[in-house]
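Trainee: give me the fold of what follows.
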Amino acid sequence: MNRARAMPRWRQRLLVPASSLLLFVAMISSFTPTPLYPLYQEKWMLSDALVAVAFVGYPIGVMITLILLGGVSDRFGRRLTMIFASVALMVALGLLAFAVDYPLLVAGRVAQGIAVALAAGAGAAAMMESHPGGLSRGALVNTLSLAAGAAVGPLLAGVLAERTSLPLVFPYLFVVVAVLLPGILIVLAADIRSRIPRARIVKTIRLPRTLWLPFSVAAAAILATNLTMGLYGAFGAEIAQSVGWASEVGAGFVVSTVLACLAGIQIPGRNLEPRLAVSVGILSATTGWLVASVASFAGLPWMLMVGSILVGSGAGLCLLGSTTVIGLISPDTRRAEIYSVYLLVAFGAMATMALLAGPIIQLTQVGFVLLAASLLCLGVTAYIFSVGRRTLAQVLVPTASESL
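Mentor: You can find the predicted model right below:
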């Protein structure tokens, strides 16, 4: 009897580490192609614009899935959705590993986006609802998992690619095996949300009018984060080459430095009030892009690393603060749906920036793209300081104190 009662609690507690590990591996997979793009360019004679299209296949897959299936785990359960996401991710990685031409590469990236979108919405909601420390700690684990996976992905792929005779195959197969671990844990875990009878699988996500203003501040902040992931993720190799680092490991090192800072800042920033995290983050990101652009024009590796550290740290604080805002303003019954709207903005920004950057880099220098990123962040900074501070003070302070 006692064992029967204890088992569901044990299985429910397992949902937090299972969800965290799935998001960690999913983000590793998302950035696995980053240091490999120069190899694809050499093999298939691809332009920078075509590389941008391949990169954008991923956020397009994410966005389509979020629009149509963003709230699916609210209706069918977190666990079932993550099981399906794990299977879809392995299929997508298989497509990428055995892509024999450019269209298959793009198809694999789109499939990867579908899988990650399902995992991200369900996993974030599961951690916010199941973490024993409450919603804010669940949001922290969520951002840590995403950021750490993104940081590991490009460097791991670069190292694996240089140590095998199959550099465009082995890194993907390695991640396929890694997906099995969270997949097994999710199968063993118990869900915290029951399936709604006769629920529709496809249902367009919506944002309640009452949340528009605080949501807009969180959306503005996440622009800085995914601008970072978009530009460094698609053009990390070109950014590294602009200061003389031409190898796959060099590209992976630059991108992983940015994303490691994005992940590492979560620990010292975890106790920051969301308004402060967002404000400091956007200032750091704006400064970092400016420093990185100067470094690219001057060909100074050390200055690029300084700028990248500032960009990554700022993006991490923006991610942490904005994710906490979304968790606090979302109704329990629509948490995955509201989080999916937030992700839709994030990946829309990622896709747009990568598409715009591709032709610009092809026609001119990387430094101009980095300079444009600093100007965009400057505009976001103005919005957050003029609208965000007052709005978040009115909406979040009472809610946050209750959750803690």
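
Trainee: distance from stretch 109-116 to the middle of the chain?
Mentor: Relative to the centre of its chain, stretch 109-116 is centred 12 Å away, using C-alpha atoms, centre = their mean, to the nearest Å.

Trainee: let me know the average pLDDT across that stretch.
Mentor: Throughout stretch 109-116, pLDDT has a mean value of 95.

Trainee: what average pLDDT does the helix or strand hosting residue 172 get?
Mentor: Assigned by DSSP states H and E, residue 172 belongs to helix 170-188. Taken as a whole, helix 170-188 has an average pLDDT of 95.

Trainee: next, the buried residues of it.
Mentor: With burial defined by 16 or more other C-beta atoms under 10 Å, the residues of helix 170-188 counted as buried are 170-176, 178-179, 182-183, 185-186. C-beta here means a position set from N, CA and C on the backbone, and glycine is covered the same way.

Trainee: tell me which helix or strand the nearest residue to residue 332 once chain neighbours are set aside sits in.
Mentor: Closest residue to residue 332 apart from its sequence neighbours, by C-beta to C-beta, 6 or more residues apart in numbering: residue 129 at 7.4 Å. Using DSSP H and E, residue 129 falls within helix 102-130.

Trainee: and the angle for that helix with helix 170-188?
Mentor: Per axes from the mean of the first three to the mean of the last three C-alpha atoms, to 10 degrees, the angle that helix 102-130 makes with helix 170-188 is 30 degrees.

Trainee: helices or strands next to helix 102-130 in the packing?
Mentor: helix 15-31, helix 37-44, helix 48-69, helix 72-76, helix 78-97, helix 135-162, helix 335-363 (3 or more C-beta pairs under 8 Å, 6 or more residues apart in numbering; DSSP states H and E).

Trainee: columns mean neighbour count on top of these, output as a markdown table?
Mentor: Below are the helices and strands packed on helix 102-130 laid out as a markdown table (neighbours: other C-beta atoms under 10 Å):
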| stretch | mean neighbour count |
| --- | --- |
| helix 15-31 | 26 |
| helix 37-44 | 16 |
| helix 48-69 | 23 |
| helix 72-76 | 25 |
| helix 78-97 | 22 |
| helix 135-162 | 24 |
| helix 335-363 | 23 |
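
Trainee: what's around residue 216, how many residues?
Mentor: Residue 216 has 17 neighbours, counted by other C-beta atoms under 10 Å.

Trainee: so how far is residue 332 from it?
Mentor: Distance of residue 216 to residue 332, given as C-beta to C-beta, to the nearest Å: 22 Å.

Trainee: quick one: low-confidence residue ranges for the stretch 51-200 of the chain.
Mentor: The stretch 51-200 of the chain contains residues with pLDDT under 70 at 197.

Trainee: what does stretch 367-383 contact?
Mentor: By C-beta atoms under 8 Å, 6 or more residues apart in numbering, the residues outside stretch 367-383 that reach it are 217, 220-221, 223-224, 227, 231, 235, 239, 242, 282-283, 285-287, 289-290, 292-294, 296-297, 307, 353, 357, 360-361.

Trainee: contacting residues around the residue nearest to residue 332?
Mentor: Neighbours of residue 129 in contact, by C-beta under 8 Å, 6+ apart: 78, 135, 138, 192-193, 332, 335.

Trainee: excluding chain neighbours, what is closest to residue 97?
Mentor: Nearest non-adjacent residue to residue 97 (C-beta to C-beta, 6+ apart): residue 172, at 3.7 Å.

Trainee: let me redo that: residue 15
Mentor: For residue 15, the closest residue by C-beta to C-beta, 6+ apart turns out to be residue 189, at 4.3 Å.

Trainee: tell me, how many residues neighbour the one you found?
Mentor: By other C-beta under 10 Å, the residues close to residue 189 number 25.

Trainee: ditto for residue 11
Mentor: The tally of other residues near residue 11 (other C-beta under 10 Å) stands at 15.

Trainee: in contact with it, which residues?
Mentor: Residue 11 sits in contact with 188-190, where contact means C-beta under 8 Å, 6+ apart.

Trainee: ok, 6 Å please
Mentor: 189-190 (C-beta atoms under 6 Å, 6 or more residues apart in numbering).

Trainee: next: residue 303.
Mentor: Counting by C-beta under 6 Å, 6+ apart, residue 303 makes contact with residue 295.

Trainee: what's the answer for residue 270, then?
Mentor: residue 140.

Trainee: check it and give its pLDDT.
Mentor: Looking at residue 270, its pLDDT stands at 83.

Trainee: now residue 315
Mentor: pLDDT at residue 315 comes out at 92.

Trainee: same deal with residue 45?
Mentor: 92.

Trainee: ok, now how distant is it from residue 101?
Mentor: According to C-beta to C-beta, residue 45 stands 12 Å off from residue 101.

Trainee: now residue 332
Mentor: Look at residue 332 and residue 101: by C-beta to C-beta, they are 46 Å apart.

Trainee: now residue 59
Mentor: To residue 101, residue 59 is 22 Å away according to C-beta to C-beta.

Trainee: okay if I get the buried residues of helix 170-188 as a markdown table plus distance to residue 323?
Mentor: Converted to a markdown table, the buried residues of helix 170-188 look like this (distance: C-beta to C-beta, whole Å):
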| residue | distance to residue 323 |
| --- | --- |
| 170 | 33 |
| 171 | 28 |
| 172 | 28 |
| 173 | 31 |
| 174 | 28 |
| 175 | 24 |
| 176 | 28 |
| 178 | 24 |
| 179 | 23 |
| 182 | 20 |
| 183 | 24 |
| 185 | 23 |
| 186 | 21 |
